[in-house]
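1. mind folding the following:
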Amino acid sequence: QVQLVESGGGLVETGGSLRLSCAVSGFAFSNYAMSWYRQAPGKERELVARINRAAGITRYLDSVKGRFTISRDNAKNTVYLQMNSLKPEDTAVYYCHAENTFGVDYWGKGTLVTVSS
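-> Have a look, this model is predicted:
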């Protein structure tokens with residue numbers, strides 16, 4: 001069955017770094033654009049970063065540009081989010097998302113990132 005399993009979340013101090021991973025199974029990973037979303041308490045879910053199927057095109061939320069980097073390894077069916085210079089406002093549950101050109105999409109269950117001030 002389809003699985004997107006996020007890992008790498010945790011508690012980090014302001015200015016610290018975390019690397020999130022999302023391991024995928026059950027569908028053709030290389031045919032899907034991959035994204036990371038986040039949802040902070042009391043706020044709507046927002047797109048943080050997206051990478052296309054061939055890993056040639058990325059896009060980022062303005063507030064994370066220059067600090068976060070999305071990447072993917074199609075051989076390992078895994079997408080990553082390297083997060084540097086973390087701020088308290090980055091605290092949220094981070095979700096992995098997959099979508100193909102036909103609009104079929106899948107979500108992971110999320111991993112919590114907490115940045116202490």
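2. roughly how far apart are residue 117 and residue 44?
-> 23 Å (Cβ to Cβ, to the nearest Å). The way it works is simple: take the backbone N, C-alpha and C, and place the C-beta from them, glycine included.
3. quick one, helices of this structure?
-> For the chain, applying DSSP state H gives no helices.
4. tell me, what residue is most central in it?
-> By Cα atoms, centre = their mean, the chain has its centre lying nearest to residue 36, at 2.7 Å.
5. now do that residue against residue 77, distance only.
-> From residue 36 across to residue 77, the span is 16 Å (Cβ to Cβ).
6. from memory residue 59 sits against residue 35, does it?
-> No. Between residue 59 and residue 35 there is no contact under Cβ atoms under 8 Å: 9.0 Å.
7. neighbour count: those two, which is higher?
-> The neighbour count for residue 59 versus residue 35, taken as other Cβ atoms under 10 Å, is higher for residue 35 (22 against 13).
8. contacting residues around that one?
-> Applying Cβ atoms under 8 Å, 6 or more residues apart in numbering to residue 35 gives the contacts 47-51, 70, 96-99.
9. can you do 7 Å?
-> Residue 35 sits next to 47, 49-50, 97 when contact means Cβ atoms under 7 Å, 6 or more residues apart in numbering.
10. could you find the closest non-adjacent residue to residue 85?
-> residue 67 (4.7 Å; Cβ to Cβ, 6 or more residues apart in numbering).
11. distance of the one you found relative to residue 90?
-> Taking Cβ to Cβ, one finds residue 67 at 8 Å from residue 90.
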